[in-house]
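Asks: Please work out how this folds:
(one chain, ligands or ions: 1)
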Amino acid sequence: MAQTKKLIGKERALIAVSGGVDSTTSAVLTFKAVGSNLLCVMLDDAFMREGEPKHIADIVSQPPVKLPLEILDVKERFLKAMEGLKDAEEKRKAFRETFYKVLGETARKEGCKVLVQGTIKADIDETTGGVKTQHNVLKQMGIDPVEQYGFKVVEPLASLYKSQVRTLAHHFKIPTDIAERQPFPGPGLSVRVVGEIKRDKLDTVKKATIISEKNFAKHIPSQYFAAILDNQTTSHSRIRHIEENLARLLNVPSRYVSIKAFEAKATGIKEGKRKYGGIAALKVETMNGAHYQPPISNLIALQAEVTRDPSFTRMLYTIQETPQRQPYVISLRAINTQDFLTAEVAEIPWTTLNETAGEILKACSNVSAIYYDVTPKPPATIEME
Ligand code: XMP
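Replies: Numbers count the residues shown, from 1 in each chain. This is a model prediction of the structure:
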C-alpha cells in the first residue's frame, strides 16, 4: 500500500473496476492508500453478465467496502468497435483499444494522470509467454501508456498470484461474493462469443451463462461458464481415421461414433505456444440408439486421441441436440486448477449436464446443440475464444 501511495503521489488516479477479485482488490487497496484521489469507474461495455454492473456497484458501494463506483454506459461504442471481427486476437486488440481510449478520455476529463489496474502475475506470464493478448498488460508488451493513452500505469497486484489476491481481498473484508468469485476475463463475454459478435449471439450466451452458473456452482469447480459458436462445420481429411481410432478405443463399430469439425477456431496451446486450432465435436451412440454418457474421465481419454491430431486443440462432447438445425451451439466448460496456468476438466455429473442442456435449449430457440468441453489446459486454454 505504501508503494502504491508513493507511485501515485499527489496525482489523481483512475481505476476501472469490473467486479472481479483482481480489479476490486486493487481498487480497495488504492482507495485505502490515496482516498478520494482515486476515481473508480465501471465500464458497462455490453460484455458483462446480465444485470452485473448494477449488482457489483451495489455490493462495493455498501459497507464494509464503501468504494464509490460510477457506471459508464459505453455499450454501443464497444459493440461498434468489435463489429465484423472474427479472430480472437483481433477482438482482444479492438477491445483493448476501445477500453483504453474510453479510459484515456475519462482520465483527461477528470484530470487523472495515473491509471491503476488489477493485473496479476499470471496475466503477465501468459501475455509475455505469447499465449494470448491480455487486455490489461501494456508495459509488458512494450506499449508505452503515457505516449499512447496519456497516463502512467500503476499495478499494485502485479507480483501476486490469484490465491494471494483472494487472501488480500478477505483481509480487506471484500464480500465473499467478490473475493471468491470465479475469474472472468477482462473483455468479458466478448471472449466467450467465438467468432463474430452478433447481438443475438451475445444475448444467447448471456442466457446460457445464467443457467450454467446456477447449475454448476454446487459442484464448486475453479471456473465454469458457457461459450457460444456458429453452427457451421467444415470438412476435415482425417476425421474418418480419427473416428475409427475412437471406435477401436471404445470397442464399438465405427458407425456409432461421429465427429464434426467446426469452421470456427479456438485458442489453444501446443508445445508451450498459442495455437489457434480446430474444434471437434464428438457424439457416440450406444448399440440401442441411446446417447452414450460415460464417466467424464473416459471422455477426457478420447479427447487426448482427438487433440493428438495437429489441427485440433479442443474436443467437445455432445450432451443434447435439437432435431432442427439452428444458427448457434453452446459449449459448457468447468475446470479445476490451482494456478490457472494448467487446468483439469471438472467431472460434472451427467444429471447436471443434462439438466443444464435442457434448460438452455428451452430458453434459447436459436441453439441446436449443447456440448461439454472435455479438453484440459493444455492443449486448450480455459476460456474458449
Ligand atoms: P486462459 O483462457 O488463458 O485463461 O486459459 C486463464 C485464466 O485467465 C482468465 N482470463 C482473463 N482474465 N483478463 C483477465 O483479467 C483477460 O483478458 C483474461 N483472459 C482470460 C480466464 O478466465 C482464466 O481464469
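
Asks: near the ligand, which residues of the stretch 201-350 of the chain show up?
Replies: Residues of the stretch 201-350 of the chain lying close to the ligand (C-beta under 6 Å from any ligand atom) are 223, 340. No exception for glycine: its C-beta is placed from N, CA and C like everyone else's.

Asks: Give me the neighbour count for residue 270.
Replies: Residue 270 has 14 neighbouring residues, counting by other C-beta atoms under 10 Å.

Asks: For it, which non-adjacent residue is closest in space?
Replies: residue 379 (5.7 Å; C-beta to C-beta, 6 or more residues apart in numbering).

Asks: roughly how far apart are the residue nearest to residue 95 when sequence neighbours are not counted and residue 364?
Replies: Distance criterion C-beta to C-beta, 6+ apart; nearest residue to residue 95, sequence neighbours excluded, is residue 187 at 4.1 Å. According to C-beta to C-beta, to the nearest Å, residue 187 stands 22 Å off from residue 364.

Asks: which strand in the protein runs the most residues?
Replies: The single longest strand within the chain, with elements called by DSSP state E, is strand 257-270.

Asks: Report the buried residues of it.
Replies: 257, 259, 260, 261, 262, 264, 265, 266, 267, 268, 269 (16 or more other C-beta atoms under 10 Å).

Asks: mind showing which ranges of the chain have poor pLDDT?
Replies: 127-137, 139-141 (pLDDT under 70).

Asks: longest helix anywhere in it?
Replies: helix 88-110 (DSSP state H).

Asks: Send over the helix or strand following that helix as CSV, restricted to the C-alpha atoms.
Replies: Downstream of helix 88-110, the first helix or strand assigned by DSSP states H and E is strand 112-116. What follows is strand 112-116, C-alpha atoms only, in CSV (Å, rounded to 0.1, in the frame of the first residue of the first chain):
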residue,chain,number,x,y,z
CYS,A,112,-6.3,11.8,-13.7
LYS,A,113,-2.7,11.2,-14.7
VAL,A,114,-2.4,7.7,-13.3
LEU,A,115,-4.3,4.6,-14.3
VAL,A,116,-4.4,1.8,-11.6
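
Asks: Strand 112-116 packs against which elements?
Replies: Judged by 3 or more C-beta pairs under 8 Å, 6 or more residues apart in numbering; DSSP states H and E, the packing partners of strand 112-116 are helix 2-8, strand 12-16, helix 21-34, helix 88-110, strand 152-154.

Asks: what lines up beside the last one in the sheet?
Replies: This means strand 152-154. Counting by DSSP bridges, the strands paired with strand 152-154 are strand 112-116 (parallel).

Asks: distance between the longest strand of the chain and the chain's centre?
Replies: How far strand 257-270 lies from its chain's middle: 18 Å, per C-alpha atoms, centre = their mean, to the nearest Å.

Asks: next one: stretch 110-128
Replies: 18 Å.

Asks: ok, now stretch 88-103?
Replies: The answer for stretch 88-103 is 15 Å, by C-alpha atoms, centre = their mean.

Asks: can you tell if that stretch touches the ligand?
Replies: No. Stretch 88-103 lies apart from the ligand when judged by C-beta under 6 Å from any ligand atom; the minimum separation is 6.9 Å.

Asks: Show me what counts as buried in that stretch.
Replies: 88, 91, 92, 94, 95, 96, 98, 99, 100, 102, 103.

Asks: contacting residues for the second one?
Replies: Read that as residue 91. 82, 85, 187, 190, 191, 197, 385 (C-beta atoms under 8 Å, 6 or more residues apart in numbering).

Asks: what's the answer for the fifth one, then?
Replies: The contact partners of residue 95, by C-beta under 8 Å, 6+ apart, come to 45, 47, 78, 81, 82, 135, 186, 187, 190.

Asks: Alright, I will stop here.
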